[in-house]
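Trainee: coordinates only, sequence not included:
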């Protein structure tokens with residue numbers, strides 16, 4: 001999905017077209033998040049009350065580690081290469 005959105009953002013050349021694409025992306029992204037929560041609760045089954053917090057915690061930890069890793073990579077790579 002990320003690759004498709006990346007390719008879509010290469011085409012527009014005006015602020016209005018990028019703003020429209022961001023509006024569409026945000027609209028559907030918010031709906032997808034609720035679906036992910038529902039699927040997670042379904043797969044946790046009977047132990048969802050005790051496991052849901054752990055799933056959320058490790059998801060947050062993974063996100064934080066990813067952000068720090070990408071930040072470190074961006075410190076190494078010159079801006080001109082982006």
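Mentor: Structure's in. What do you need? From a predicted model like this one, the values you see are computed outputs, not experimental measurements.
Trainee: poorly predicted segments of the protein, please.
Mentor: Within the chain, the segments meeting pLDDT under 70 span 1-2, 5, 82.
Trainee: same thing but 80
Mentor: By pLDDT under 80, the low-scoring segments of the chain are 1-13, 28-33, 79-82.
Trainee: can you get me a residue count around residue 79?
Mentor: As a burial measure, the neighbour count of residue 79 was computed by other CB atoms under 10 Å and equals 6. In short, each C-beta sits where N, CA and C put it, glycine included.
Trainee: cool, residue 4 as well?
Mentor: For residue 4, the tally of surrounding residues (other CB under 10 Å) stands at 8.
Trainee: residue 18 versus that one, what's the distance?
Mentor: Residue 4 sits 16 Å away from residue 18 when distances are taken as CB to CB, to the nearest Å.
Trainee: same thing with residue 30?
Mentor: 19 Å.
Trainee: compare the two (neighbour count), which wins?
Mentor: Between residue 30 and residue 18, counted using other CB under 10 Å, the more crowded position is residue 18 (14 against 9).
Trainee: what's the local residue count around residue 39?
Mentor: Burial measure for residue 39: 10 neighbouring residues, criterion other CB under 10 Å.
Trainee: so which strand or helix has it?
Mentor: Mapping residue 39 onto the secondary structure by DSSP states H and E places it in helix 15-44.
Trainee: immediately after that helix, which helix or strand?
Mentor: Next helix or strand after helix 15-44 toward the C-terminus (DSSP H and E): helix 48-76.
Trainee: and that next one, what does it pack onto?
Mentor: helix 15-44 (3 or more CB pairs under 8 Å, 6 or more residues apart in numbering; DSSP states H and E).
Trainee: for the helix it packs on, the distance to its chain's centre please.
Mentor: With CA atoms, centre = their mean, to the nearest Å as the basis, helix 15-44 stands 9 Å off its chain's centre.
Trainee: quick check: angle from that helix to helix 48-76?
Mentor: 140 degrees (axes from the mean of the first three to the mean of the last three CA atoms, to 10 degrees).
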